[in-house]
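Student: Sequence first, then the predicted structure:
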Amino acid sequence: MSLGEGVQLGVFGILSLLAIGFAVGVVFAPNIVYSGFLLAGVFLSMAGLYLLLNADFVAAAQVLIYVGAVNVLILFAIMLVNRRYVFKPLQLGWLRNGATAAVCLGLFALLATAITQTPWPEQPIAAISSVEVIGGHFFSDYLLPFEVASVLLLMALVGAIVLARRDFIIGALPEDLSEGEQSLLERYRPLIAADVEDDTEAEAAELASSGS
């Protein structure tokens with residue numbers, strides 16, 4: 001096994017372990033906000049695996065779309081819901097700093113070894129751009145699935161707008177609402193009232209702790 005193959009195998013193992021670890025953290029994290037951040041780690045690990053497969057465009061799309069759009073949207077949805085989260089400071093700060101330093105030093109040593117020991121070619125190797133190949137497949141072999149995906153995304157966008165514009169007026173009088181709105185409000189009134197009561201108790205406990 002050459003040095004390049006060994007480095008590639010080592011990076012593959014590290015990225016695979018990171019993806020599995022982040023995925024387990026998403027499932028078992030005690031706070032859903034932490035799960036959202038760990039999900040970004042899963043997406044970044046997958047992007048690194050795509051880079052090992054020489055799929056640079058797919059890796060860039062993974063970061064831009066899943067991390068920069070989908071994951072951020074998930075975090076916004078989590079933080080905008082009517083619920084309070086108490087973030088506790090992480091313990092063992094020295095362990096966190098030591099792990100960060102070890103990872104940085106390991107990456108530096110790995111990159112330095114790869115740069116100094118890799119037999120770089122004197123002439124550049126001509127290669128077909130992956131963007132060109134993917135674009136050709138999109139508009140030839142996979143044109144119909146590509147258009148169907150765009151329609152599905154449009155439907156999801158319209159559905160998100162409809163859900164975001166839906167309002168529940170807790171104190172509204174029954175005569176101010178239509179029959180369908182009255183039945184819907186009566187169905188969800190206990191849940192809304194319980195949520196408001198939980199928020200009130202949390203605010204009272206926070207004020208009591210700050211006053212003491």
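Tutor: Now that the structure is in, tell me what you want to look at.

Student: pretty sure residue 63 contacts residue 46?
Tutor: No. The criterion here is C-beta atoms under 8 Å, and residue 63 misses it with residue 46 at 9.5 Å. Every C-beta, even on glycine, is put in place using the N, C-alpha and C of the backbone.

Student: Just want to know which of those two has more residues nearby.
Tutor: residue 46 (20 against 16; other C-beta atoms under 10 Å).

Student: so how far is residue 33 from that one?
Tutor: 21 Å (C-beta to C-beta, to the nearest Å).

Student: Any regions of this structure where pLDDT drops low?
Tutor: Scanning the chain for pLDDT under 70 picks out 1-4, 81-90, 92-93, 123-129, 164-212.

Student: Excluding chain neighbours, what is closest to residue 8?
Tutor: Counting by C-beta to C-beta, 6 or more residues apart in numbering, residue 52 is the residue found nearest to residue 8 once chain neighbours are left out, at 6.3 Å.

Student: Would you mind stating the distance between the one you found and residue 72?
Tutor: Going from residue 52 to residue 72 by C-beta to C-beta gives 25 Å.

Student: what's the answer for residue 29, then?
Tutor: Distance from residue 29 to residue 72, by C-beta to C-beta: 18 Å.

Student: who has more neighbours, the two?
Tutor: residue 29 (16 against 13).

Student: separation between the more buried one and residue 130?
Tutor: From residue 29 to residue 130 the distance is 34 Å (C-beta to C-beta).

Student: same question, residue 5
Tutor: Counting by C-beta to C-beta - residue 5 and residue 130 are separated by 22 Å.

Student: Compare those two (neighbour count), which wins?
Tutor: residue 130 (17 against 9).

Student: Tell me who's in contact with the more buried one.
Tutor: Going by C-beta atoms under 8 Å, 6 or more residues apart in numbering, residue 130 touches 54, 55, 56, 57, 58.

Student: could I get those as a markdown table with distance to residue 145?
Tutor: Output for the contacts of residue 130, formatted as a markdown table (distance: C-beta to C-beta, whole Å):
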| residue | distance to residue 145 |
| --- | --- |
| 54 | 23 |
| 55 | 18 |
| 56 | 22 |
| 57 | 18 |
| 58 | 16 |
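
Student: re earlier: can you report how many residues lie near the residue nearest to residue 8?
Tutor: Residues near residue 52, counting by other C-beta under 10 Å: 13.

Student: Name all residues that make contact with it.
Tutor: 8, 11, 12, 15 are the contacts of residue 52 under C-beta under 8 Å, 6+ apart.

Student: And it, its phi and psi?
Tutor: phi -60, psi -30 (degrees, to the nearest 10).

Student: Now do the helices in this structure.
Tutor: With helices called from DSSP state H, the chain shows them at 3-28, 32-52, 56-61, 72-80, 93-117, 130-138, 143-164, 179-211.

Student: From the contact counts, what lies against the first one?
Tutor: In terms of contacts (3 or more C-beta pairs under 8 Å, 6 or more residues apart in numbering; DSSP states H and E), helix 3-28 is packed against helix 32-52, helix 93-117.
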